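> Sequence plus the predicted model coming up.
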Amino acid sequence: MNDASEAIHSLQPVTFRYKEELDPDGIPQFGLIAEEVEKINPDLVARDEQGEPYSVRYEAVNAMLLNEFLKEHRRVTALEEEVRNLRAIIEAERGKPTSN
């Protein structure tokens with residue numbers, strides 16, 4: 001997936017309510033607007049018979065989120081290792097342990 005998942009950084013989550021005929025209780029929903037998602041990455045929307053976007057492919061968005069999470073996790077792990085190494089260098093130069 002590499003950098004393809006970086007498109008999710010541009011997505012703008014929204015709150016909305018379905019039309020009364022679809023949801024008489026008007027329960028707040030959370031999600032993305034298909035037309036806006038299409039502008040960022042057309043592969044993330046499902047299309048109707050006329051080719052117009054009508055829904056977000058959330059399973060694809062979830063896979064992208066997982067990819068971005070894993071990239072960040074690797075980055076944090078590398079930074080933690082770098083901090084440990086720098087602390088060891090400081091301790092060696094000072095001759096005493098540093099606090100965490």
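Thanks, I have the structure now. Residues are numbered from 1 along each chain as shown.
> centre of the chain versus stretch 65-77, how much separation?
Centroid separation for stretch 65-77 versus its chain: 10 Å, with C-alpha atoms, centre = their mean, to the nearest Å.
> typo on my end, it should be stretch 84-96
36 Å.
> before we move on, what about stretch 44-52?
Remark: stretch 44-52 is offset 23 Å from the chain centroid, using C-alpha atoms, centre = their mean.
> Span of it from start to end?
This stretch, stretch 44-52, spans 13 Å end to end (C-alpha to C-alpha, to the nearest Å).
> Now tell me what touches it from outside.
7, 34, 37-38, 53-57, 60-61 (C-beta atoms under 8 Å, 6 or more residues apart in numbering). From N, CA and C alone the C-beta is placed, and that goes for glycine too.
> Looking at these, state which has the most neighbours.
Counting neighbours by other C-beta atoms under 10 Å, Val37 leads these with 25 neighbours.
> how close does it sit to Arg94?
Note on Val37: its distance to Arg94, by C-beta to C-beta, to the nearest Å, is 53 Å.
> Could you do Val14 as well?
Distance from Val14 to Arg94, counting by C-beta to C-beta: 52 Å.
> Isn't Glu35 up against Val56?
No. With contact taken as C-beta atoms under 8 Å, Glu35 and Val56 are classed as non-touching, separated by 10.0 Å.
> where exactly do the strands run in this protein?
Ranges of strands within the chain are 14-16, 29-31, 45-47, 53-56, based on DSSP state E.
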